[in-house]
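1. got a predicted structure here, sequence first:
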Amino acid sequence: EAQLRPPAQPTATHCPYCALQCAMDLTPAEPTADALPVEVSGRDFPTNRGGLCRKGWTAAELLRHPERLAEPLVRDGEGALRPASWDEALGRVAAEIRRVQAEHGKDAVGIFGGGGLTNEKAYLLGKFARVALGTSRIDYNGRFCMSSAAAAGNRAFGIDRGLPFPLADLDTADTILMLGSNVAETMPPFVQHLAGARAAGGLVVVDPRRSATAQLTDDGAGTHLAPAPHTDLVLLLGLAHVVINDGLLASKYLSERTEGLESVIRSVAPWWPERVQATTGVPAGLIRSTARRLADSARTGSCYILTGRGIEQHADGTDTVTAAINLALLLGLPGSPRGGYGTLTGQGNGQGGREHGQKADQLPGYRKITDPEARAHMARVWGVDEASIPGPGLPAVELLRTLGTDDGVRALLVHGANVVVSAPDVSAVRDGLRRLDLLVVCDFFLSETAREADVVLPVLQWAEEEGTMTNLEGRVLRRRRALEAPAGARSELWIMNRLAELLGAPSSFPTEPEVVFEELRRASKGGLADYSGVSYELLDAGAEVYWPYPAGSKGTPRLFAKRFAHDDGRARLVGVRAATPAWSPSHPAPEEFHLATGRLLEHYQSGAQTRRVAALSAAQPEPRLQLHPAAAARLRVAENAWVRVMRLGEGSAQGAAPSSGSRSAARRPEVLCRVELTLDIRPDTVFLPFHFPGLAAANQVTESRTDPISGMPEFKTTRVLVQPAEFP
Ligand code: SF4
């Protein structure tokens with residue numbers, strides 16, 4: 001009988017997690033009591049070439065997870081969440097939205113979106129905010145991820161696409177400068193694209209830690225530059241200084257294709273290598289040899305500069321990324337057939353998520369919300385009066401600061417985000433959520449944010465829905481349904497449709513992803529991120545689709561070959577200045593450190609998903625503070641010892657270390673966790689992964705200080721005290 005059964009057909013889709021969007025097949029599994037509903041296998045594709053990381057291999061475990069939400073929950077009079085029907089839950093949401101807006105105005109309702117939502121959901125969420133709610137208060141967790149790189153890209157090139165070239169172009173590189181990116185842990189299949197540069201001895205990794213990616217430079221494969229914390233901008237100014245001083249500029253390129261060289265010459269002049277060494281700790285000789293290698297490679301070989309969260313998640317992140325772009329422009333890389341600059345997007349749809357209207361200052365097609373032409377275009381697509389489209393809202397951290405305040409957001413709808421873990425200064429965020437009149441969370445698990453909600457709406461997972469994602473190359477991909485969702489779960493598109501109807505929205509909200517995509521095509525037409533030539537049919541036929549893809553075109557795998565996106569076609573060099581480094585390499589007190597937060601191989605974002613996967617959780621069940629043995633000796637702590645990590649600066653008594661367990665210690669923003677000793681970190685620095693909640697949440701101690709240009713929070717340079725602690 002088994003022989004007569006037709007072979008199970010795999011569904012070709014992509015991983016639910018990071019921006020590499022590895023291609024995978026989902027094959028229906030034999031239905032047994034303990035079998036997963038589908039089997040995952042890697043699929044050959046130009047980005048992952050069949051490879052998956054352990055997050056991808058185990059992704060199916062979440063589809064029928066026992067903690068999966070399968071019915072709406074509403075908070076009852078006793079303060080507990082209880083099951084409810086969809087009619088009751090949505091009726092309560094709509095009624096409360098109407099009341100809050102009647103009493104406090106349209107902007108008293110806000111939306112917090114996510115960089116993992118499909119293009120269709122991101123688009124419809126922006127429309128829902130502006131058309132159904134009439135609020136300007138929408139932003140998303142991508143603001144925490146790569147907003148500074150987006151702002152720097154827009155400033156330099158007039159457009160922001162993570163990699164403006166196919167990932168496979170890196171294969172031919174003989175030199176790759178990677179700044180603050182740890183792909184060996186965050187997206188391991190990416191590493192195969194570094195093989196050429198490693199073979200040529202040209203992988204240069206800039207990271208204060210000897211990260212897994214920095215270790216790829218061992219054995220002659222390249223160079224690891226380990227600047228002191230938050231001196232990456234100075235290091236970049238130093239590299240540019242050498243390029244200019246040694247006459248290594250791409251002069252013809254600069255005169256034909258750029259503006260602003262003089263401002264960069266002025267800004268890097270004070271940063272000769274010996275002075276950079278004094279600030280960063282990177283030897284002057286290494287700065288010179290690295291700059292010369294980059295220039296040689298740019299002239300005669302193939303050279304790329306890539307940035308990641310390590311240099312982007314700063315309160316001067318836009319300027320730091322701008323310094324990297326300046327260096328690339330000085331070398332003539334952007335738009336070159338054998339080189340370029342790119343930023344490595346993190347979240348699954350980090351690229352598409354920032355193109356279709358989820359951002360506070362944008363309309364679909366990557367249009368500015370203040371642009372009269374863009375507003376008129378969207379008014380036509382949505383069939384509404386242009387004046388009814390709200391103006392710019394608030395970037396994520398500012399939006400969260402207003403929660404529950406008199407003239408702030410009083411009702412918040414959260415889609416695809418877990419801000420109680422992922423936002424900076426999470427205690428303040430939780431306090432804000434608790435002040436709200438209404439918190440609605442759409443999720444498939446009871447995340448830490450959902451636990452705070454008044455209404456929880458269960459939604460579909462990636463293998464249960466159709467849609468599109470845009471990966472880190474700006475390549476549009478099809479997400480496909482491989483199995484049915486639990487009976488009680490609904491798609492976000494359906495939820496928005498029902499709420500829009502209950503709220504009497506003046507425009508339609510389709511529930512079918514392909515219909516939403518057709519509207520997205522019209523909305524994006526003529527914008528920077530033009531998808532008007534893309535269709536499900538084209539994607540299903542296997543076409544390689546990179547935006548901009550205007551109707552009638554073949555798309556744009558490589559941007560900038562002839563011109564940049566500014567009106568005059570030229571790129572902008574922008575001279576940036578380094579503030580006094582936030583941290584002196586010789587810190588004053590033995591208990592003071594510089595804290596950087598970041599990621600682990602086993603976990604994705606807030607960990608709401610990966611902490612529920614048995615194998616991943618077993619491998620990394622808790623956050624541990626990475627500490628150098630010399631620092632541990634100073635603190636008198638051993639491997640696995642418990643420590644208390646306390647934020648210094650505003651709101652704390654700097655230098656006056658409280659004793660463990662004292663009342664003043666309890667009032668400080670602090671984390672309790674165990675120690676992992678490693679030689680791969682500087683003695684003045686500690687590292688803590690941010691995927692965990694509660695007492696061990698790294699974002700208990702991060703600050704809500706943000707970059708004034710992009711709104712990016714400072715996640716990489718928090719000054720902390722570390723002290724031995726008792727088992728909590
Ligand atoms: Fe690929 Fe990222 Fe998924 Fe890992 S998490 S399999 S690197 S897409």
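-> Done, it's in.
2. what sits against the closest residue to residue 338 other than its chain neighbours?
-> Nearest residue to residue 338, sequence neighbours excluded (Cβ to Cβ, 6 or more residues apart in numbering): residue 302, at 4.1 Å. Bear in mind the C-beta positions are built from the backbone N, C-alpha and C, glycine included. By Cβ atoms under 8 Å, 6 or more residues apart in numbering, residue 302 lies in contact with 172-175, 338-339.
3. and if we set it to 6 Å?
-> Contact analysis of residue 302 by Cβ atoms under 6 Å, 6 or more residues apart in numbering lists 172-174, 338-339.
4. roughly how far apart are it and residue 171?
-> 9 Å (Cβ to Cβ, to the nearest Å).
5. and for residue 400?
-> 41 Å.
6. ok, these two, which is more surrounded?
-> residue 400 (26 against 15; other Cβ atoms under 10 Å).
7. so what's that one closest to, chain neighbours aside?
-> Residue 400's closest residue in space is residue 429 (Cβ to Cβ, 6+ apart), at 5.3 Å.
8. so that neighbour is in which element?
-> Counting by DSSP states H and E, the element that carries residue 429 is helix 426-435.
9. what helices or strands is that helix leaning on?
-> On a contact count with 3 or more Cβ pairs under 6 Å, 6 or more residues apart in numbering; DSSP states H and E, helix 426-435 meets helix 419-422.
10. return the distance of the helix it packs on from the chain's centre.
-> Offset of helix 419-422 from its chain centre (Cα atoms, centre = their mean, to the nearest Å): 13 Å.
11. same thing with stretch 112-122?
-> 12 Å.
12. before we move on, the earlier item: how about a markdown table for the contacts of residue 302, with secondary structure added?
-> A markdown table is the format used below for the contacts of residue 302 (DSSP: H, G, I helix; E, B strand; the rest coil):
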| residue | secondary structure |
| --- | --- |
| 172 | helix |
| 173 | coil |
| 174 | coil |
| 338 | coil |
| 339 | strand |
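13. so which of those residues comes closest to residue 530?
-> Nearest to residue 530 out of the contacts of residue 302 is residue 339 (Cβ to Cβ; 25.4 Å).
14. quick check: bridge partners of residue 41?
-> residue 25 (DSSP bridges).
15. neighbours of residue 46, how many?
-> Using other Cβ under 10 Å, residue 46 has 14 other residues around it.
16. now do the same end-to-end measure for stretch 384-394.
-> This stretch, stretch 384-394, spans 23 Å end to end (Cα to Cα, to the nearest Å).
17. how about residues contacting that stretch?
-> Residues from elsewhere that reach stretch 384-394, judged by Cβ under 6 Å, 6+ apart: 130-131, 136-138, 360-361, 369, 375-376, 379, 506-507.
18. roughly how far is that stretch from the heart of the chain?
-> 26 Å.
19. with stretch 21-39 instead?
-> With Cα atoms, centre = their mean, you get 28 Å for stretch 21-39.
20. flag every buried residue along it.
-> For stretch 21-39, the neighbour count (16 or more other Cβ atoms under 10 Å) marks 21-26, 36-38 as buried.
21. export it as PDB, just CAs?
-> Backbone C-alpha positions of stretch 21-39 (Å, rounded to 0.1, in the frame of the first residue of the first chain) are rendered in PDB as follows:
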ATOM      1  CA  GLN A  21      16.200  33.900   3.300                       C
ATOM      2  CA  CYS A  22      17.800  30.600   2.500                       C
ATOM      3  CA  ALA A  23      15.900  28.500   0.000                       C
ATOM      4  CA  MET A  24      14.300  25.400   1.500                       C
ATOM      5  CA  ASP A  25      11.900  22.600   0.500                       C
ATOM      6  CA  LEU A  26       9.100  21.600   2.800                       C
ATOM      7  CA  THR A  27       8.100  18.000   2.200                       C
ATOM      8  CA  PRO A  28       4.900  16.700   3.900                       C
ATOM      9  CA  ALA A  29       5.900  14.100   6.500                       C
ATOM     10  CA  GLU A  30       4.400  10.800   7.200                       C
ATOM     11  CA  PRO A  31       1.600  11.500   9.700                       C
ATOM     12  CA  THR A  32       2.600   9.900  12.900                       C
ATOM     13  CA  ALA A  33       2.000  11.000  16.500                       C
ATOM     14  CA  ASP A  34       5.400  12.600  17.000                       C
ATOM     15  CA  ALA A  35       6.300  13.600  13.500                       C
ATOM     16  CA  LEU A  36       6.800  17.200  12.400                       C
ATOM     17  CA  PRO A  37       4.200  18.100   9.800                       C
ATOM     18  CA  VAL A  38       6.900  18.800   7.200                       C
ATOM     19  CA  GLU A  39      10.500  17.900   6.600                       C
END
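22. which among the contacts of stretch 384-394 end up buried?
-> 130-131, 136-138, 360-361, 369, 375, 379.
23. which of those residues fall in helices?
-> Using DSSP state H, the subset of the buried ones among the contacts of stretch 384-394 located in helices is 375, 379.
24. need the max-distance pair from the buried ones among the contacts of stretch 384-394.
-> Distances among the buried ones among the contacts of stretch 384-394 were taken as Cβ to Cβ; the most separated pair is 137 and 379, at 19.8 Å.
25. residue 308 and residue 183 touch, don't they?
-> No: Residue 308 lies out of contact with residue 183 (Cβ atoms under 6 Å); the separation is 7.6 Å.
26. next, count neighbours for the residue nearest to residue 693 when sequence neighbours are not counted.
-> Take residue 693 and drop its neighbours on the chain: the residue closest to it by Cβ to Cβ, 6+ apart is residue 448, 4.6 Å away. Neighbour count for residue 448, taken as other Cβ under 10 Å: 22.
27. what's the helix or strand for residue 448?
-> Using DSSP H and E, residue 448 maps to neither a helix nor a strand.
28. my read is that it contacts residue 417, right?
-> No: applying Cβ under 6 Å, one finds residue 448 not in contact with residue 417, separated by 11.0 Å.
29. phi, psi of the residue lying closest to residue 59 once chain neighbours are set aside?
-> Using Cβ to Cβ, 6+ apart and skipping residues adjacent in sequence, the residue nearest residue 59 is residue 16, 5.4 Å away. Backbone geometry at residue 16, expressed as degrees, to the nearest 10, gives phi -80, psi -10.
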